[in-house]
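Engineer: Here is a sequence together with a model predicted from it:
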Amino acid sequence: MDETGSAGAAEEPGYGIGAVSRRLGVPAPTLRTWNLRYGIGPSRRSPGGHRRYDRADLARLEEMSRLVHSGVPPADAARQALRVTVPPALPASREGVEPASPAPEEGAADEARPGERAETGGGDERARIAGGGERARMAGGGEPPRIGGERARIGGEPGNVPSAAMLARAATALDGRTVTDGLAAALARLGVVPTWDRLACPVFDAISRRQDETGAGIDVEHLFSERLLAALHPLAARPAHPVNDRPVLLACAEEEQHSLPVHALAAALATDRRIDTRVLGARTPHAALAAAMRRLGPDVVFVWSHQADTGDPAPLAALPALRPPARIVVGGPGWWPDLPPRVTRVASLRDAVTVVADALR
């Protein structure tokens, strides 16, 4: 495969394998296997020599994943995916809103406009929560911002919703106060789901991209994660008049340490649907989840798996059979195929809120 790529692709910043894995919900080892066996992989290299995926690569991988998880043999899926063509990217509009596409334009900074609805369905592959056949994780629309080089200034009038680029710059500067204020303004004016989709996930994408390129940024990720968790936590408190008598249980799979999506779901359920939850958090042992189910008798249990090594679905089948039975819902790119029949996989934060709320009716 041509490592340099086309002229159009050379103008794009591209993505490393870690960012692509998170974006599409396909484990990195699977991406490497598809590249080695079928030639679906990064088509060029960055100026620093790193292998990078461009827009066309992402579109082919997305089609490959869709076909494989619909039952098409991998070799046949690869042949079909390699025929996918992608039109050239359109320039950003004056408002800073990118056309929907699998890869960002260098330097694009999406402004979060109050009152604008963030779409998490349809063709936007960044708006997915679960792994396996679905495109990846609790993520949102909006392009990953560049961490450096933005001309947009952080600040402005109090209460203004920042762009993802502004928030990423503040996090990179370890400016916790600006990150806190920006997240508070977004949550107050936009709500939990749009803030997660349009700000939190693009910032995490930018941080991850910087880590892929430079190996640095763990401190930035930790600061942003801590401030986001602090902003979400009070929103997840028990509503004054919850619609459910028995709390919904939210937990991470055993040994899964990525718990922010669970807290985002708890906050969205409480603020948008007045649903009471109990968050068991990261690394919840299967035995502990089973014990909590027996104690509380929840109507719904949600389990998150971000990493493939935490996504074995077998323990889900061993969860206790309550009367009435609990609805088991899972999300995250870590889950392996062949989930138990009674388990529902959701594909976005918005979908997770809807499925949980519908199960309580």
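Structural biologist: Received it, and whenever you're ready, just let me know what you need. Numbers count the residues shown, from 1 in each chain.
Engineer: contacts, neighbours, all on C-alpha from now
Structural biologist: Noted.
Engineer: So the residue of the chain most remote from its centre: helix, strand or coil?
Structural biologist: In the chain, counting by C-alpha atoms, centre = their mean, residue 323 sits farthest out from the average C-alpha position, at 33.1 Å. What DSSP: H, G, I helix; E, B strand; the rest coil gives for residue 323 is coil.
Engineer: for residue 251, same thing?
Structural biologist: strand.
Engineer: pLDDT wise, what is residue 184 at?
Structural biologist: Residue 184 is assigned a predicted lDDT (pLDDT) of 95.
Engineer: pLDDT below threshold where in the stretch 1-150 of the chain?
Structural biologist: Across the stretch 1-150 of the chain, residues meeting the criterion (pLDDT under 70) sit at 1-13, 46-49, 86-150.
Engineer: Flag every buried residue along the strand or helix carrying residue 58.
Structural biologist: If you go by DSSP states H and E, residue 58 is part of helix 55-69. Judged by neighbour count (16 or more other C-alpha atoms under 10 Å), helix 55-69 contains these buried residues: 55-69.
Engineer: Check which helices and strands the next helix or strand after that helix sits against.
Structural biologist: Downstream of helix 55-69, the first helix or strand assigned by DSSP H and E is helix 74-81. Where contact means 3 or more C-alpha pairs under 8 Å, 6 or more residues apart in numbering; DSSP states H and E, helix 74-81 is packed against helix 55-69.
Engineer: list the helices and strands the helix it packs on packs on?
Structural biologist: Helix 55-69 packs on helix 74-81, going by 3+ C-alpha pairs under 8 Å, 6+ apart.
Engineer: what comes into contact with the helix it packs on?
Structural biologist: 38, 40, 60, 61, 63, 64, 67, 68 (C-alpha atoms under 8 Å, 6 or more residues apart in numbering).
Engineer: So which bits of that helix are buried?
Structural biologist: For helix 74-81, a neighbour-count test (16+ other C-alpha under 10 Å) marks 74, 77, 78, 81 as buried.
Engineer: Pick the one among those residues closest to residue 286.
Structural biologist: Of all the buried residues of helix 74-81, residue 286 sits closest to residue 74, with 32.4 Å by C-alpha to C-alpha.
Engineer: ok, so what distance separates that closest one from residue 21?
Structural biologist: Separation of residue 74 from residue 21 (C-alpha to C-alpha, to the nearest Å): 18 Å.
Engineer: repeat for residue 279
Structural biologist: 26 Å.
Engineer: neighbour count winner among the two?
Structural biologist: Taking neighbours as other C-alpha atoms under 10 Å, residue 279 and residue 21 compare with residue 21 leading, 21 against 18.
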